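# I would like the atomic coordinates for the input below:
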Amino acid sequence: MKYRLKDMIFVIICFLILLFGMTILIRTNYDYHQITQKIIVFDEQNVDSVYLKIVDNYDRENYKTLREFFSEPHSLERMKQFSEEMHDKYNYLELDKQSLLVLDQFPYQEEFRIDYGEDYYGVNDAIGISLKSLQIGKNTYDIFGLAQQIEVGTGFGSEDFLWEKQKKLPMLLGYEYQGLVEIGDTFSFNYLQENISFEVVGFLKKDAVITLNERAYFMDQQIVIPFFDWKEQPTNEEDTEFQRSLYSLKNWGYIQIKNGEDIMDYEAEINKLNEQLGLAYATSEGAIHSYIQNISSTISSIKGVLFVVSICLFVVLSGIFLCVQIWNFHKNKGIYAIHLLCGCSFTRIKQKIILSVILQFAAALTGAVWIHSVLLKTTNRSEEIIFEEAVQQTILFSIVILAITCLLLSKCVQKNNVYLSLRK
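Numbering: from 1, shown residues only. Model prediction:
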């Protein structure tokens with residue numbers, strides 16, 4: 001029992017030595033390769049800006065679900081404050097494609113339905129017919145010149161982007177709706193579980209379109225409504241639920257980015273708001289990644305020096321680990337000699353020693369990766385890639401160190417005469 005306890009303590013000490021070295025190595029590797037600047041660079045002469053999308057991380061791994069966030073105290077007020085801050089700091093653009101559920105006898109063509117041409121066409125007809133719709137924020141409406149794309153009627157005024165319960169909202173219809181309804185007609189739709197009355201105020205020109213990050217939103221078959229704010233505090237649970245859903249969609253907006261700007265500045269501002277308001281928003285670079293020039297730390301920078309130091313530290317700790325293993329072997333030579341006299345082969349003993357070393361390396365590496373997966377909450381795919389690369393490089397480096405350790409330990413065991421320990 002005493003022997004087993006000492007053996008267990010020895011294994012734990014060796015494990016901790018490796019765990020410390022690998023943990024430091026992964027962390028400094030991640031910090032060194034982490035992007036320090038993300039500069040927007042336009043090669044094409046016909047591009048003067050792109051749009052950085054803001055998303056939330058709810059329902060992602062290591063994050064709360066959206067439902068859990070909604071149930072938190074003051075979640076709605078915090079989302080509203082985030083919306084206000086984004087509009088104050090930037091010319092924040094809001095655009096969404098949430099469909100409208102038909103409540104009245106609203107005339108439409110089959111191709112206006114969201115399920116038209118899909119495998120699930122008609123499956124949800126018992127619930128209702130949902131039509132294609134675009135929700136446009138005021139900044140989006142102005143920047144993309146939607147008022148200039150109206151063929152008949154009027155557009156949206158500033159007051160149309162503020163809504164109160166029982167208020168009628170305007171809607172613009174795509175070109176293909178002409179002849180089906182008239183300006184001034186009023187219809188009710190269900191939007192995010194809220195029944196809202198809309199009045200037709202105009203029709204858009206043929207081929208009216210909004211192009212955002214090379215994605216075109218054609219509006220010939222769309223119902224366009226204001227992406228409104230609801231400033232009033234909800235008075236019941238239904239209104240609270242509606243406003244939560246509304247602002248969770250509104251906050252998925254866009255920031256206009258120009259040539260030479262650093263996206264990291266915007267990411268820092270989003271993270272600052274997250275900390276202040278207890279939120280989980282992030283930037284999404286997928287649509288503009290081709291315009292981003294990533295700049296990382298150099299080897300002569302502080303992060304580079306720390307990375308080199310961590311490599312040296314890991315080598316030193318691995319050397320200590322090897323010395324401890326050799327010391328443990330010499331200390332237990334008498335026990336190994338008894339095993340040999342009892343019929344155990346010398347090769348089997350050596351294999352057992354080497355296997356123990358391999359398992360300790362594997363356990364330490366697993367522990368180091370787990371520690372970082374808990375401590376490092378990546379907010380976008382680029383950070384996840386950097387973390388994965390840091391882990392892969394640490395694994396490769398550890399394999400090299402492990403191979404050298406096993407080779408030296410094997411030679412040490414091979415050249416020692418275990419049988420002499422019996423005479424002593």
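
# CA only for contacts and neighbour counts going forward, please
Will do.

# Whichever helix or strand Q351 is part of: which residues count as buried?
With the criterion set as DSSP states H and E, the secondary-structure element containing Q351 is helix 346-375. Residues 346, 349-350, 353-354, 357-358, 360-362, 364-365, 367-369, 372 are the ones in helix 346-375 that count as buried (16 or more other Cα atoms under 10 Å).

# what helices or strands is it leaning on?
Using 3 or more Cα pairs under 8 Å, 6 or more residues apart in numbering; DSSP states H and E as the contact criterion, the neighbours of helix 346-375 among helices and strands are helix 2-33, helix 381-415.

# closest one to K165 among those?
Using Cα to Cα as the criterion, the shortest distance between K165 and the helices and strands packed on helix 346-375 is 40.0 Å, found for helix 381-415.

# between that closest one and helix 346-375, how big is the angle?
Taking axes from the mean of the first three to the mean of the last three Cα atoms, to 10 degrees, one finds helix 381-415 and helix 346-375 inclined to each other by 160 degrees.

# Now helix 381-415: buried residues?
With the criterion 16+ other Cα under 10 Å, helix 381-415 contains buried residues 382-383, 386-387, 389-391, 394-395, 397-398, 401-402, 405-406, 409-410, 413.

# And stretch 206-216, by the same measure?
For stretch 206-216, a neighbour-count test (16+ other Cα under 10 Å) marks 206, 208-210, 212 as buried.

# Adding pLDDT, secondary structure and distance to S318, write these out as JSON lines.
Output for these, formatted as JSON lines (pLDDT from 0 to 100; DSSP: H, G, I helix; E, B strand; the rest coil; distance: Cα to Cα, whole Å):
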{"residue": "K206", "pLDDT": "95", "secondary structure": "coil", "distance to S318": "71"}
{"residue": "A208", "pLDDT": "95", "secondary structure": "coil", "distance to S318": "66"}
{"residue": "V209", "pLDDT": "94", "secondary structure": "strand", "distance to S318": "62"}
{"residue": "I210", "pLDDT": "93", "secondary structure": "strand", "distance to S318": "59"}
{"residue": "L212", "pLDDT": "89", "secondary structure": "strand", "distance to S318": "53"}
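
# can you list those in TSV and add distance to Y120?
Compiled in TSV, the buried residues of stretch 206-216 are given as follows (distance: Cα to Cα, whole Å):
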residue	distance to Y120
K206	29
A208	28
V209	27
I210	28
L212	28
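
# between the helices and strands packed on helix 346-375, which one is nearest to N57?
That would be, of these and by Cα to Cα, helix 381-415, which comes in at 11.5 Å.

# what mean pLDDT would you report for that closest one?
pLDDT averaged over helix 381-415 equals 83, rounded to a whole number.

# so S99 sits right up against G128, yeah?
No. Between S99 and G128 no contact is recorded; they are 11.5 Å apart, counting by Cα atoms under 8 Å.

# the more surrounded of those two?
When S99 and G128 are compared on other Cα atoms under 10 Å, the one with more neighbours turns out to be S99, at 21 against 14.

# who are the neighbours in contact with the more buried one?
Contacts were defined as Cα atoms under 8 Å, 6 or more residues apart in numbering; by that measure S99 touches 114, 130-134, 191.

# now, which of the residues you listed lie within strands?
Counting by DSSP state E, the contacts of S99 place 130-131, 133-134, 191 in strands.

# In TSV: those residues, plus neighbour count, distance to Y51 and pLDDT.
Supplementary listing: the ones in strands among the contacts of S99 in TSV, determined by neighbours: other Cα atoms under 10 Å; distance: Cα to Cα, whole Å; pLDDT from 0 to 100:
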residue	neighbour count	distance to Y51	pLDDT
S130	21	29	93
L131	23	27	95
S133	24	21	96
L134	21	18	97
Y191	16	27	94
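
# what's L100 sitting at in phi/psi?
Torsion angles at L100 (phi, psi; degrees, to the nearest 10) stand at phi -110, psi 130.

# who touches it in this structure?
Residues touching L100, when contacts are defined by Cα under 8 Å, 6+ apart, comprise 130-133, 189-191.

# want to throw the residues you listed into CSV with distance to G145?
Rendered in CSV, the data for the contacts of L100 read as follows (distance: Cα to Cα, whole Å):
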residue, distance to G145
S130, 27
L131, 24
K132, 21
S133, 18
F189, 26
N190, 27
Y191, 25
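
# All good on my end, thank you.
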